[in-house]
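**Student:** Everything below, folded, please.
(chains A, B and C)
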Amino acid sequence: MAWFLARRLAHAAALLMAVSAGTFALAELAPGDYFAELRTDPRVDAAAVETLRARYGLDRPPLARYGAWMAAAVRGDLGVSIAYNMPVTELLRPRLGRTLELAGVSWVLSWMAALGLAMAAAMRPGGWVDRGTAWLVSALLVVPELLLAALLVLVAARTGVPRLGGFSLAVAALAPGAAPVLLRHARAALREAAGAPFVEAARARGIGGGRLWAVYIFPAAANPMVSLFGLSFAGLLSGTLVVEAVTGWPGVGPLFLEAIASRDFYVIAAVGLVAAALLAAGNLAADLMLYALDPRIRRPR
Amino acid sequence: MTWRQEAGTLCAGIFLLGTTCLAAGRLPAVEETEQLPGVSGQAGGALVVYQRAEPKTLNPLFGFDVSSREVIGRLNADLITINRKTLRAEPALARSFTVGGGGRVYTVKLRRGLKFSDGEPFTADDVVFSFRAYEDGKLGAPQRDLLIVGGEPVKVERVDEATVRITLAVPYAAAERLFDSVAMLPRHLLERAYEDGSLAKAWALTAEPAAIAGLGPYRLKQYVAGEKLVLERNPHYWRVDARGRRLPYLDALEFRFAGSEDAQVLHFLNGDAGMVSGMGARNFAFLAREPRARGAQLVDAGPGLEYNFLFFNLKPQPPGEDAERSVRQSWFAKDDFRRAVSLAIDREAVVRLVYGGRAQPLWGPVTPADRQWVDAGVPHPARSIEQARKLLAGAGFRWSPDRTLVDAEGRAVEFTIVTSASNQERSRMATIIQDDLSQLGMKVQVAPLEFRAMLDRVMNTHRYDAAIFGLASGDADPNADMNVWLSSGGMHLWNAGQAHPSTDWEREIDQRMERQMSERDPGQRKRMFDRVQELLAAHEPVICIASPDILAAARAGLKNFDPAVLQPYTLWNVDRLYWSEGQNRTGASGRP
Amino acid sequence: MRRGSGWKWAAGALAALHAAVLGAGFLAPYDAAEQHREAPLAPPGAIHFHGLRPYADDPVTGEPRELRFFVHRRLFGVDAPGLYFPLGSDEFGRDQFSRLLYGGRVSLGAAALATALSIGLGLVAGVASGLAGGWVDSVLMRVSELFLALPWLYLLLGVRAFLPLSMPPQRGFLLVIALAGLLGWARPARLFRGLTLSLAQAGHVEAARGFGASRFYLARRHIVPEMRGVIGTQAALVAPQYILAEVTLSMFGLGINEPGLSWGTLLDVVRQPALLTLDPWIALPALMLIPVFLLYSVCADALGS
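**Tutor:** Numbers count the residues shown, from 1 in each chain, chains lettered A, B, ... in the order given. Okay, the predicted model is just below:
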């Protein structure tokens, strides 16, 4: 167990390092910097802009900046936002809370919807629920979060429900994006489990109805779904970016998009790092759950 | 979530009402408030405003984005301010000022007995301290450049408790206008931060309200990250209405953040916001049509100071750089080429199709809003493809059999216009220009780039042919745009930072601009700047196209709503805005 | 929806759509960029019949114009100077129907390219990873995790900015989408790896391996052919995502902007409530796209079952 955990943690750490380095390099590639816009003010001289750039170390070579930032990040200091002129951690904390709230609630709702529909569909394969969900899945899979969010904003603006800029609007735009993938997998897993020999055997022994589902089929189907647990949360997190920006939910999304547009380097790098950390944590949690549930994984391959 | 916030606002309102009644009752005899004649209204209520983006800081030294300035301007006040309606400089915290020493010495008498929003007195020491901070080279506040006249920062000395003397190195026309938006800082709160070098970090959004004080109509009450910024009435504000009651009328001013213009408008429509400004024509037409916005005050304040223009890259390429671009630049450098382009552009179509009629066509950078400075002598030639073709033919261009324009060596005239992808109006302008120029046989490519990527090309790498850009003068005075017109200026967009003016007309513009800057006779200045405008119209280094109207809306009950053409368009007179009797007094709908 | 003829006609309809888009030069009544500034935001031209002859009201003058086939070397239209916009016109008086057809060229082309790249690369990486096992597998899977986690938006921002300016916006966008496809290999790769692992355990594959077949042979003869259905499903699932990705990309100035043209620009109206309210027919082309996306998902479902 300890060895397994250690190896997974090492993976996660390596992933974090690579993501942060990659984010930094990519942000560096985009042309222009935060003060480019200030330079277009005819009343501000180029020299003043240089002074400001120097204050935030933008005049230093990228590698030196990355090194300094990483060294500080290890100690929990994610740098200073150029735009907001305050520590990035202070900037992120309240917004990250809201984003996690949004992703968390959407996550629970999408799992509940997916499991419920998948059960209903798997109980009567080929029935109207099954066919209906298949269509729903196909439709939802193609629609990008942005489009769905924009449409919901239109509805909210027309009818006032859900409230513009509110939490329910953001959830309504985010959760449907995650549900179809879950639904698809859950339906497949349940159907496979329902057709397994031991279920047939149980049926032959006269076990049926709720007991059959609760005791035999569901536990067997849970296994392949567990690995989706972490991944689906990560998927939802990346979806919050656009959904928050369009629906006006004040999470990390609008901050991040603004930071990209204004080249607020340390905010970009910090959000990249935090997102990767959440992703790694999700994967790790899924791995550990699988480890607990499935003895086969414990054997080294 | 909402009901809690609304309840909070309500409680604050009740509390405030109590304190203001107390404060309004007895003004100290020595307090020299400014009485606004003709202003009367009723106190109470709150106004909710949705900003496009969240403000970044409350630090007047380092807030330079529009949202931050909008908030900072409500929290602070200036010695001398530019009246947004008349566009003239007026004393504000200064009771009066006199100019002596050949236009170099300003003696400013401060209003006596004024207090910062935390109750501490405002004196000449605060003024001296403020200027020291703004002008500190190590601190590097962007406004420092405004306060450098003749190569030296203006010198500010204390004469007595309520008098300061401001000395300029050289005479500077209308120098009093420089002091607009230079907020006076409280020495008692910021001096320590200044001494230990942490002033740049002071007054972040997350700062304690008690650590912030200003002389504006409002003071900070609460900030909820990413969501809202709540200001409350400053009980020590120095303006009173016609009946002697202390302003402002509104108890609270709440800024929320919408993220986009469309969201701002939707929030107004839904009744969440009391006013909306900086709208495009389409949203304005939308509000006019929407039954839910019925009764709202929709105001078209006419063209602002923004001028949108097309310009060509005339900066010589460094040796070894793109040889083909040098060929293209040889066309751009011809006056007749640029004049032909200007003649071919359908400005009327831009105004009608891009701005829905809510804009003015332009033939020069000074918009009709700047009544004092616009030169009536600048010609407004009508669009003429025929005339444009004549000019091109005269400049050695020909047309190949397939109607493509070619130069004297037979090379097809092709070039690319860069625009900012995030600015829809300018992208649409490019669509029209592309089509117009194709009628001259020019093959024009339009490349919408992400805003900062575009700036990088135009201002740093200079790897572009032509660009569509817009500038809004910071002030209705030629001095504000010195950096654009001087050939050595960093914003002399078409050929920035020249060691020596490369053309005769640029040299003449340099001379006129320099001379008008130190000229004290307004008539003389006007004549010099008229000549500059005529030179620009004759040589068209910037082909001006249109100036959009300033459009704003407010709920029916908001009185004294009077949008101006200079930023901040709608909140400049927030100290006298009020809700009329019987109106919803929060600006937000009562929906639970 | 079930296997059978369903996917055949869906695939046929998709093929016809691609052909229509390629033939826009003939099928569309106008050129996509042709401006009629006298008729901005005109509603769709209503058709009525006098006897057997169809007429459409001119958006400028209001008088009826006879609709004819083979006008100005186009399939249908009205004689100049009359105008006929089947789906209305946009703010510059450009024909929306023509824009829908011409716009498909970029969008369908870009989607096909990006899909081919991401699925192809994912297939190679996934199968190689699954068959090779060991360190190759772990390195590829770690790299795929990294690819899933990195914010690629900046790379796309940067690349767009470095492209030569004289490049037409459509081609620039094609490059951006292709790059997005290249970067999108990780998700399919993980799927194909899992499939490879399970297929490799099948009896006949084990047998072939027993006879000393090389890994490349196994992949070519057994693994990839067995995955054809999944590859088709994946492609049909991913392609519309790349068409729609443009709507998101355009939020960052990476999509196609004026005066460029694509389906993404036609769909972008949903982000403009004012325009939708004032001139609702501007959303018609966007509505026309819904059946297109349905076709893709019918294909995906039929192939998947």
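
**Student:** What are the boundaries of the strands in the stretch 451-592 of chain B?
**Tutor:** Remark: strands assigned in the stretch 451-592 of chain B by DSSP state E, counting those that start in this stretch are B:466-472, B:542-554, B:558-559, B:578-579.

**Student:** ok and the residue in the stretch 51-200 of chain A nearest chain B?
**Tutor:** Ranked by C-beta to the nearest C-beta, the top residue of the stretch 51-200 of chain A for proximity to chain B is A:Thr51, at 3.4 Å. Where C-beta positions appear, they are placed from N, C-alpha and C, glycine not excepted.

**Student:** which non-adjacent residue is nearest that residue?
**Tutor:** Leaving aside its chain neighbours, A:Thr51 sits nearest to B:Gly140 (3.4 Å; criterion: C-beta to C-beta, 6 or more residues apart in numbering or on different chains).

**Student:** My guess is the one you found contacts A:Arg55. True?
**Tutor:** Yes: contact criterion C-beta atoms under 8 Å: B:Gly140 and A:Arg55 qualify, at 6.6 Å.

**Student:** just so I know, which of the strands of the stretch 451-592 of chain B lies nearest chain C?
**Tutor:** Chain C lies closest, by C-beta to the nearest C-beta, to one member of the strands of the stretch 451-592 of chain B: strand B:466-472, at 10.0 Å.

**Student:** now the residue of the stretch 1-150 of chain B found nearest chain A, what's its secondary structure?
**Tutor:** At 3.4 Å from chain A, B:Gly140 is the closest residue in the stretch 1-150 of chain B, using C-beta to the nearest C-beta. For B:Gly140, the assignment made with DSSP: H, G, I helix; E, B strand; the rest coil gives coil.

**Student:** phi, psi of it?
**Tutor:** Backbone torsions for B:Gly140, taken as degrees, to the nearest 10, come to phi 70, psi 40.

**Student:** From chain C, how far off is it?
**Tutor:** 28 Å (C-beta to the nearest C-beta, to the nearest Å).

**Student:** Could you do B:Ser130 as well?
**Tutor:** Using C-beta to the nearest C-beta, B:Ser130 is found at 39 Å from chain C.

**Student:** which residues sit against the helix or strand encompassing that residue?
**Tutor:** Take DSSP states H and E as the rule and B:Ser130 turns out to sit in helix B:124-135. Here helix B:124-135 makes contact (C-beta atoms under 8 Å, 6 or more residues apart in numbering or on different chains) with B:61, B:79, B:108, B:110, B:139, B:141, B:143-144, B:147-148, B:153-154, B:156-164, B:166, B:182-187, B:190-191, B:194, B:199.

**Student:** Output it as CSV, nothing but the C-alphas.
**Tutor:** Output in CSV follows, covering the C-alpha atoms of helix B:124-135 (Å, rounded to 0.1, in the frame of the first residue of the first chain):
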residue,chain,number,x,y,z
ALA,B,124,-1.6,71.6,2.5
ASP,B,125,0.6,68.8,3.9
ASP,B,126,-1.6,66.2,2.3
VAL,B,127,-1.3,68.0,-1.1
VAL,B,128,2.5,68.1,-0.8
PHE,B,129,2.6,64.5,0.2
SER,B,130,0.4,63.4,-2.7
PHE,B,131,2.5,65.1,-5.3
ARG,B,132,5.6,63.7,-3.7
ALA,B,133,4.2,60.2,-4.1
TYR,B,134,2.9,60.7,-7.7
GLU,B,135,6.2,62.2,-8.8
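
**Student:** that older thread, as JSON lines, the strands of the stretch 451-592 of chain B with mean pLDDT, distance to chain A and mean neighbour count would be great.
**Tutor:** Below are those laid out as JSON lines (pLDDT from 0 to 100; distance: least, C-beta to the nearest C-beta, whole Å; neighbours: other C-beta atoms under 10 Å in any protein chain shown):
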{"stretch": "strand B:466-472", "mean pLDDT": "94", "distance to chain A": "7", "mean neighbour count": "21"}
{"stretch": "strand B:542-554", "mean pLDDT": "96", "distance to chain A": "13", "mean neighbour count": "25"}
{"stretch": "strand B:558-559", "mean pLDDT": "94", "distance to chain A": "20", "mean neighbour count": "20"}
{"stretch": "strand B:578-579", "mean pLDDT": "95", "distance to chain A": "22", "mean neighbour count": "26"}
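
**Student:** Nearest approach to A:Met119 belongs to which of those?
**Tutor:** Of all these, strand B:542-554 sits nearest to A:Met119, with 51.2 Å by C-beta to C-beta.
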